[in-house]
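> Need a 3D model of the following:
(one chain, ligands or ions: 1)
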Amino acid sequence: MRPSALHSLKHTIPRPYWLDTDTPAQACERQTGDIHADLVIVGGGFTGLWTALLARQRMPTGRIVLLEGRTCGTSASGRSGGFCAPSISHGVSNALKRWPKEAETLIRLGRDNLDELEQDILRLGLEVEFERPGKLNVATTPWQVEGLRALEHKYRRHGIDCTWLEGSTLKPYLDSPLYSAGLYEPNYALLNPAKMVRELRRACIEHGVDLFEHSPVTRLQALGNGVLLHTGYGSVQAPRVALATNVFPSLLPALRTTVIPIYDYALTTEPLSQAQLQAIGWDRRHGIADSGNQFHYLRKTADNRILWGGFDAIYPFASKLDEGLTQRPETFVRLAEQFQQTFPALADVSFSHAWGGIIDSSARTTMFTGTTHDRRVAYAMGFTGQGIAASRFAGATMLDLLDGQDSHRTRLDMLNRAPVRFPPEPLRFIGVRLAQRGLAHEDRSGQRNLFLKTLDAFGVGFDS
Ligand SMILES: Cc1cc2nc3c(=O)[nH]c(=O)nc-3n(C[C@H](O)[C@H](O)[C@H](O)COP(=O)(O)OP(=O)(O)OC[C@H]3O[C@@H](n4cnc5c(N)ncnc54)[C@H](O)[C@@H]3O)c2cc1C
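Alright, predicted model coming up:
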């Protein structure tokens, strides 16, 4: 353990940096008594908030109720990295690998969704530090360079703008002794996730959505003509319900084995000077990710900190959901050490914040949607670490499903087919462990082992 890594964490605040960029909104009231609505949305992260806002566009006068168990955005949405992808399929490679027949459509819809998301931000006047500076994918090992070259070819084949960078052309984008090549894609956005939650929530309230917080839904009961949702202090009856509860135990027990919680962690540095950023060649504002299975993601915040996250992806036995697990000293030390190896010029920089969050990982790394209860209840889940932009698409899809619409969204195989379910414990834990060992081995050697190849053959993947 490097003493300087420990030193850099000495004054680190154990909470998401984003929370300190925003004044917390006053919590909305609890849902009490027995009420009726035209549409109820459960969950107040990006998925639930987008669903409510898009529903308001389709239904200018109906009563829309959103029930959030805690306060909006306190889970994954408010603590994410803020990378806003032009993809609904966890990237182009994933679309081509798992959904080759509709990959072209998925790629186009992902780009359109990001365009529409930006238009919504402008139309609704959301102040969320949205910027579209692109993303740089970097490689460290020869096999990662090869992988990036393959990605470049895929991008070119599908008309995605990109620039190959190495040596002197890479240095003006990022100068690190670890990275030997890069692929820059200009179409990629970043935002401040806590501000995005706050602003989506504000827009919902301004557009007449009845938003209740600290109102966990404990039970979903089918009625002859609708659904009754029980909260701790009352109930809401509605003909249609959208479930946006992400990694939390689904109100539909049959879905509980379709995702597992993967804990992901991040640090932010203190604000850096122009000279410090120039020392690592990072004058522009693009986001960056390295290309391993265990990858880092890094970006600048509005006040020029570096957010440095990823690498460890921790699965706790029995899919335990525990806020205590979002602080993990050994991961923070590892991240600090890796930061110093990546940027020796910043070895004396301290970290201001350290936090973790829970990713809802599906066994094929893409979201999926569906309905139950005679199409009165729709759900969307399984974003697997890439849900900021995709959650908007998921919201629109749930509304199409509830409206009984046959749309370009509801026709997607990717959304209609549920992923392979995770086995019960202890098999689940052992399986995830074996997959993670295999992925780490592949990062070190460039070789994919038999276990991973077998999972590939069954269309099962593991990522964060
Ligand atoms: C550390 C981290 C970094 C990430 N970085 C990125 C990134 O850079 N880019 C990207 O695209 N994605 C990223 N993600 C993933 C992204 O944050 C998620 O995919 C996205 O926020 C999911 O939004 P959501 O609304 O579905 O879920 P959540 O934000 O988890 O919201 C679900 C909400 O439902 C509520 N809820 C659950 N059950 C009930 C119930 N019974 N009653 C009432 N309310 C309930 C919860 O309280 C919660 O507020 C990251 C995730 C993490 C954890």
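> which outside residues touch the longest helix along the chain?
Counting residues, the longest helix found in the chain (DSSP state H) is helix 103-124. With contact meaning Cβ atoms under 8 Å, 6 or more residues apart in numbering, helix 103-124 is reached by 53, 84-89, 92, 95-96, 99, 126, 128, 130, 132, 158, 160, 187, 189, 199, 203, 389-390, 392-393, 408-409, 412, 414. Heads up, the C-betas are built off the backbone N, CA and C, glycines and all.
> Make a PyMOL selection of whichever of the residues you listed turn out to be buried.
Command for PyMOL, covering only those of the contacts of helix 103-124 found buried under the criterion 16 or more other Cβ atoms under 10 Å:
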select buried, resi 53+84+85+86+87+88+89+92+95+96+99+126+128+130+132+160+187+189+199+203+389+390+392+393+409+412+414
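> From the contacts of helix 103-124, which land in helices?
Per DSSP H, the subset of the contacts of helix 103-124 in helices is 53, 92, 95, 96, 199, 203, 390, 392, 393, 414.
> Show me which pair in those residues is furthest apart.
Using Cβ to Cβ, the ones in helices among the contacts of helix 103-124 span at most 35.1 Å, a distance reached by 96 and 203.
> What distance do you get for the residue lying farthest from the centre of the chain to residue 252?
What lies farthest from the middle of the chain is residue 224; by Cα atoms, centre = their mean that is 36.4 Å. As for residue 224, its distance to residue 252 is 19 Å (criterion: Cβ to Cβ, to the nearest Å).
> Now do the SS call for residue 348.
Of the three states, residue 348 takes coil according to DSSP: H, G, I helix; E, B strand; the rest coil.
> what about the nearest residue to residue 185 once chain neighbours are set aside, neighbour count?
Closest residue to residue 185 apart from its sequence neighbours, by Cβ to Cβ, 6 or more residues apart in numbering: residue 162 at 4.8 Å. The local packing of residue 162 (other Cβ atoms under 10 Å) involves 20 other residues.
> Helices along the stretch 251-400 of the chain, start to end?
274-279, 329-342, 390-403 (DSSP state H, counting those that start in this stretch).
> Just put those helices in TSV and tack on distance to the ligand and mean pLDDT.
Shown next, in TSV, are the helices of the stretch 251-400 of the chain (distance: least, Cβ to the nearest ligand atom, whole Å; pLDDT from 0 to 100):
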stretch	distance to the ligand	mean pLDDT
helix 274-279	20	97
helix 329-342	11	97
helix 390-403	5	98
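> got the contact list for the residue of the stretch 301-450 of the chain found nearest the ligand?
Going by Cβ to the nearest ligand atom, the ligand is nearest to residue 387 of the stretch 301-450 of the chain, at 2.0 Å. Contacts for residue 387 (Cβ under 8 Å, 6+ apart) come out as 46, 47, 76, 77, 80, 246, 360, 367, 394.
> let's see 7 Å
46, 367 (Cβ atoms under 7 Å, 6 or more residues apart in numbering).
> show me the residues around residue 221 that make contact.
227, 228, 230.
> Can you tell me which of the residues you listed end up in strands?
Secondary structure defined by DSSP state E assigns 227, 228, 230 of the contacts of residue 221 to strands.
> Let's see if you can find the most crowded of the residues you listed.
Neighbour max across those (other Cβ under 10 Å) = residue 227, 21 neighbours.
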